[in-house]
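>>> predicted model, plus sequence, below.
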Amino acid sequence: MSASDYSINFPYGATSAPYSSAHPHRGDDRPCPIGTPVVIGGVTIGLTGATGMVSGPHLHIQEWESDYANTRKPQNAFAPGTVTNIDPAGTQGDGSFGKFVTIQTTDGWNDSYCHLSQINVIKGQVIGDKMAEITTEAVVALSLGTQGTQPQSPDEYAQWVGKTDQQSLDDLITHYSQKGQARQAGLEQTIDSLTAANLKLTDQLAAVRDQATVPSPAPSDPDSVTVTKDGFWQALLRFLGKG
């Protein structure tokens, strides 16, 4: 199961303790076990957890526009968009969100997926657009020279986040673009070689044809060459040393 399969058990606007009518709950909570995949557009952006200010493991989704205070009941939960912010250390602001990923959708609103145990995306990554998606593993391999393994410690994660910036994405795109250009150049070279071979074969056939039309000895001569279909192939075999 993924996080979207779990029903909301503490909705936007709830006033139960520790919230109140003056300070209502500003998101939707889903009681997901730790490690539940948060999947958007076929991409697992992270795993649920219990980081930050929580009473137990769950996924909190807060939808906001200009700032975290300008919220509305989430309408774009699990909708594709662009990653605009991540907090792999869980220390941004007052730390209440824990580890989180923020995705901006096409209407300009932002959805923050909070209290995660693991983050699998980077800032600037487009989620849900297959042409723009670049896997976390590929970016890690490019940036750190690894085999695409996930960082195993906070220090490794900080290094990963520090190095997998937009420049790294540009480098990765350039890398695969160059591979495509090299493949195209190889195909063009193959076509040129085939064209040259075809021209050479054409010249050889023309020489054989010329030989077949040369005036031949008397028909009684067993080595005579006649301008017939069978005679042409006999001449070709003789030219190639097969006759």
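Sure thing, it's come through.
>>> for Pro80, which non-adjacent residue is spatially closest?
Gly128 (2.3 Å; CB to CB, 6 or more residues apart in numbering). C-beta: built from backbone N, CA, C; applies to glycine.
>>> for that neighbour, what are its contacts?
Neighbour list for Gly128: Ile40, Gly41, Gly42, Val43, Ala79, Pro80, Gly81 [criterion: CB atoms under 8 Å, 6 or more residues apart in numbering].
>>> just the element for the closest residue to Tyr19 other than its chain neighbours, please.
Distances taken as CB to CB, 6+ apart put His25 closest to Tyr19, at 4.9 Å, once the chain neighbours are dropped. Assigned by DSSP states H and E, His25 belongs to neither a helix nor a strand.
>>> so His25 versus Val43, what's the distance?
27 Å (CB to CB, to the nearest Å).
>>> next one: Arg72
24 Å.
>>> so these two - more neighbours on which side?
Val43 (22 against 13; other CB atoms under 10 Å).
>>> what's the nearest residue to that one if we skip its chain neighbours?
Using CB to CB, 6+ apart, the nearest residue to Val43 is Ile127, at 5.2 Å.
>>> neighbours around that neighbour, how many?
22.
>>> ok, which stretches of this protein are helices?
136-144, 154-163, 166-212, 229-239 (DSSP state H).
>>> go through those helices and find the least confident stretch.
Lowest mean pLDDT within the helices of the chain: helix 136-144, at a mean of 49.
>>> what mean pLDDT does the longest strand anywhere in the chain have?
In the chain, with assignment by DSSP state E, the single longest strand is strand 110-119. Computed over strand 110-119, the mean pLDDT rounds to 96.
>>> tell me the contacts of Glu44?
Not quite, residue 44 is Thr, not Glu. Counted by CB under 8 Å, 6+ apart, Thr44 has contacts Ser2, Pro37, Val38, Asn120.
>>> with adjacent residues omitted, what lies nearest to the first one?
By that I understand Ser2. Looking at Ser2 with CB to CB, 6+ apart, the closest residue is Val39, at 4.3 Å.
>>> number of residues surrounding the one you found?
Neighbours of Val39 under the rule other CB under 10 Å: 17.
>>> and this structure, split by domain according to the record?
3-133, 177-239 (automatic domain parsing).
>>> just these: most buried one?
Neighbour counts (mean count of other CB atoms under 10 Å) averaged over each of these peak at domain 3-133, with a mean of 17.
>>> next one: phi and psi at the closest residue to Gln62 other than its chain neighbours?
In this structure, Gln62 finds its nearest non-sequential neighbour in Gly27, 3.7 Å apart by CB to CB, 6+ apart. Per-residue torsions, Gly27: phi -160, psi -170 (degrees, to the nearest 10).
>>> what distance do you get for Gly27 to Thr190?
From Gly27 to Thr190 the distance is 58 Å (CB to CB).
>>> same question for Lys99.
50 Å.
>>> quick one, what contacts Val83?
Ile45, Val101, Thr102, Ile103, Val121, Ile122, Lys123, Gly124, Gln125, Val126, Ile127.
>>> thought the fifth one was touching Ile86?
Yes: with contact defined as CB atoms under 8 Å, Val121 reaches Ile86; the gap is 6.7 Å.
>>> shared neighbours of these two, anything?
Val101.
>>> for Pro11, give me its contacts.
With CB under 8 Å, 6+ apart, Pro11 has these contacts: His25, Asp28, Asp29, Lys73.
>>> show me what contacts the closest residue to the third one other than its chain neighbours?
If I follow you right, that is Asp29. Leaving aside its sequence neighbours, Asp29 sits nearest to Phe10 (CB to CB, 6+ apart; 3.9 Å). For Phe10, the contact set (CB under 8 Å, 6+ apart) comprises Ser16, His25, Asp28, Asp29, His58.
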